[in-house]
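Participant: Starting from these lines, generate the structure:
(4 chains)
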Amino acid sequence: MTSSTTFFDLAEICEKLEKTSKRLELASILAEFLKTVNEDEIRPTVLLIIGKIFTPSDPRSLEIGVKTLIKTILKISGITKEEYSKEIGKFGDIGDATASIMSKGIKLNQKTLFEVPRTIKYIFSQLLTIVQSTGPGSRKKKEKILENLFLRSTPIEAKYLVRIILQNQRIGVYEGILEEAISKAFHINLNLIKRANMILGDIGEVARVALTEGVNGLREKAKSPILFTPLKPTLAVNADNIFEVLEQHNYHTAFELKLDGARVQIHKRGDEVRIFSRNLANITQSLPDIVEQVRESVMAKTVILDGEVIGMGPDDKPLPFQYLMKRFRRVHRIQEMIKEIPVKLYLFDILLLDDKNLIDLSYYERREILKDVAGNISLVESLTTDEVDKAEEFLNYSINSGHEGLIAKKMDSKYFLGTRGKNWIKIKRIDNLDLVIVAADWGYGRRKDWLSDYYLAAYDPDQNDFSMVGKTYKGLTDEEFETVTKRLKENIIEDRGKTVIVKPEIVVEVAFDEIQKSSNYPSGYALRFARIINIRSDKSPNEADSVSKVRTMFEKQFEKKSRLVN
DNA sequence: GTTCAGACCGTAC
DNA sequence: GTCTGACGTATTCGG
DNA sequence: CCGAATACGTCAGACGTACGGTCTGAAC
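Facilitator: This is a model prediction of the structure:
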């Protein structure tokens, strides 16, 4: 049991996992492996497996991305950038490409390689050192550590090191499978594991507690939300129409406005307020105005609140999401920006009140409690109805008020979803345009043999040219990728490696949520959440929608939304 | 020594 | 953020 | 009535837009 596992063992397990696709098998393999890991290494091991080194307890990140990684590998291997890119294209994976280069390119010093005990803990601590180094010269320092790490890696270790650093393991295992594996390894009910993961927000810590303290320890920790430890927020699934939603919820649904902002989870004890983002990052310092408001309005001793922060114009109409982003996560010139871009908090849920756990109450009960706690902070407008027409009307009201749509919440649902599935359902309105594919990127991973990411352009009749308004890789089936790739390959004008310029010929119907101002695209506009919903074989490129139509649609958005000068 | 542009990165959606 | 496909399980269908 | 077909929920992995922050290195 105490036999220590090495990074090599972990890499081998990853290799094994990557080769299997069956979910149950994945969980079994992982469970067996977890049983061999000791108390000291269980948390690092679990976090390394999913390439998610950084959690609420280690809030900062590596700040090492593809570019830096490529740079270091080039340095230690001596190959050219072109050769590396070619290799990446061949494998459709940067990890495999790196392993290939390492196995033929680098003369490893076998002695140093095996002298160094490359335990999981060691690798983890090296990565943490990278995380913790900041300030002038930190870049260089990080690269040096990386270099050393790779110089002491076998090819297979290098492969998974690369993927861990990029937080993209692609071995078929993420938190869901991991939860199953932990459940199997330590014989603990899966729902308890899921609940603990939601409350602790750290799957590595869940595994550690499961191993060291067993069911009872886990149960104790998962009992109730912990103040100042952010918990994973419930998320909503999509639906097309209101009828479908009502059916799903047995006609016991509260519809809430879906605001286009950022999710916040607010923890408060006395005067101490902390605000967390959807991904559990602490963003308190960016929102001092919200902190102040919560301090003044919420009288409860301890409380955890769930809500949305949106940009709000002086005319009381919501601001486009882009404006909010200027405020969120900001650390400089905050006071200035508070005046420039006003932000407003709306609450819609409460998870803890005066140390009492509320997540196991029904939505309805929580909402009633929230009303009393919120003081003069606005609650998200809501409507409880079982009639399609009334809900439809409310949806129109939401859209006309400049919001995204509705979110339907099952009246009797707990905050914790367990195995039940999603009890929150969102309904949005989408727009669409007919656009032309003018270029494409080769795909990655399972899409490596397809041109799978398309540059979309609107028609400009004045210039008889096409002006780009965004990219998309979403909406096509495998079969459609196959045929579109074939067609595009015949139309290649210029081959730039990863990107290919094609003759503008294929017209696609593209759905999107919003048109944004863009400095990235020549047209000056970009589509938010673009996805292809149809291949318009019946349309020729000059029948595609025009740039001026895009502009008109962009301007039209401000009939409902607010806009700030410059 | 200071300033500034650009590359790179993480993270809201 | 959206979307597709794979897997597992629950439910319905057809002989 | 039971095995086969289908429906449904969940998970993972494809990658998009935008923004600000930090570090580096060149120009002054």
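Participant: tally of neighbours for residue A:441?
Facilitator: 19 (other C-beta atoms under 10 Å). To be clear about C-beta, it is placed using only N, CA and C from the backbone, and glycine gets the same treatment.
Participant: In which helix or strand does it reside?
Facilitator: Assigned by DSSP states H and E, residue A:441 belongs to strand A:431-442.
Participant: try residue A:493
Facilitator: In the assignment (DSSP H and E), residue A:493 maps to strand A:492-495.
Participant: what does that strand rub up against?
Facilitator: The contact list for strand A:492-495 (C-beta atoms under 8 Å, 6 or more residues apart in numbering) reads A:500, A:501, A:502, A:503.
Participant: Buried subset of those residues, written for PyMOL?
Facilitator: The buried subset of these, as determined by 16 or more other C-beta atoms under 10 Å, is captured in PyMOL by this line:
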select buried, chain A and resi 500+502
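Participant: rewinding a little: list the buried residues in the strand holding residue A:441.
Facilitator: Neighbour counts over strand A:431-442 (16+ other C-beta under 10 Å) mark A:432, A:433, A:434, A:435, A:436, A:437, A:438, A:439, A:440, A:441, A:442 as buried.
Participant: Sitting in strands, which of the contacts of strand A:492-495 do you find?
Facilitator: Mapping the contacts of strand A:492-495 onto strands (DSSP state E) picks out A:500, A:501, A:502.
Participant: quick one: the last one and residue A:479, what's the gap?
Facilitator: So the one you mean is residue A:502. In this view, residue A:502 and residue A:479 are 20 Å apart by C-beta to C-beta, to the nearest Å.
Participant: swap in the first one?
Facilitator: Distance from residue A:500 to residue A:479, counting by C-beta to C-beta: 21 Å.
Participant: got the phi/psi numbers for the closest residue to residue A:512 other than its chain neighbours?
Facilitator: Excluding the flanking residues, the one nearest residue A:512 by C-beta to C-beta, 6 or more residues apart in numbering is residue A:527, at 4.0 Å. The phi and psi torsions at residue A:527 (degrees, to the nearest 10) take the values phi -90, psi 140.
Participant: Give me the domain ranges for chain A.
Facilitator: Domains of chain A are assigned by automatic domain parsing as A:51-165, A:235-428, A:433-565.
Participant: what's the burial count for residue A:306?
Facilitator: 19.
Participant: Ok, which of the domains of chain A comes nearest DNA strand C?
Facilitator: For the domains of chain A, proximity to DNA strand C was assessed by C-beta to the nearest atom of the strand; domain A:433-565 is nearest, at 3.2 Å.
Participant: Start and end of that closest one, how far apart?
Facilitator: One end of domain A:433-565 sits 28 Å from the other (C-alpha to C-alpha, to the nearest Å).
Participant: ok, now stretch A:512-530?
Facilitator: This stretch, stretch A:512-530, spans 4 Å end to end (C-alpha to C-alpha).
Participant: what comes up buried for stretch A:542-559?
Facilitator: For stretch A:542-559, the neighbour count (16+ other C-beta under 10 Å) marks A:544, A:545, A:546, A:547, A:550, A:553, A:554 as buried.
Participant: what does stretch A:330-339 give?
Facilitator: In terms of neighbour count (16+ other C-beta under 10 Å), stretch A:330-339 has its buried residues at A:330, A:337, A:338.
Participant: what's that stretch in contact with?
Facilitator: Counting by C-beta under 8 Å, 6+ apart, A:285, A:286, A:288, A:289, A:326, A:327 sit against stretch A:330-339.
Participant: what do you get if the cut-off is 6 Å, keeping everything else the same?
Facilitator: Under the contact criterion C-beta atoms under 6 Å, 6 or more residues apart in numbering, stretch A:330-339 has outside partners A:286, A:289, A:327.
Participant: With distance to residue A:8 as extra columns, can I get the domains of chain A in JSON lines?
Facilitator: What follows is the domains of chain A, written out as JSON lines (distance: least, C-beta to C-beta, whole Å):
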{"stretch": "domain A:51-165", "distance to residue A:8": "6"}
{"stretch": "domain A:235-428", "distance to residue A:8": "31"}
{"stretch": "domain A:433-565", "distance to residue A:8": "24"}
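Participant: For the ones you listed, could you give me JSON lines that also reports distance to DNA strand D and mean pLDDT?
Facilitator: Shown next, in JSON lines, are the domains of chain A (distance: least, C-beta to the nearest atom of the strand, whole Å; pLDDT from 0 to 100):
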{"stretch": "domain A:51-165", "distance to DNA strand D": "3", "mean pLDDT": "89"}
{"stretch": "domain A:235-428", "distance to DNA strand D": "3", "mean pLDDT": "94"}
{"stretch": "domain A:433-565", "distance to DNA strand D": "2", "mean pLDDT": "97"}
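Participant: what secondary structure does residue A:13 sit in?
Facilitator: helix (DSSP: H, G, I helix; E, B strand; the rest coil).
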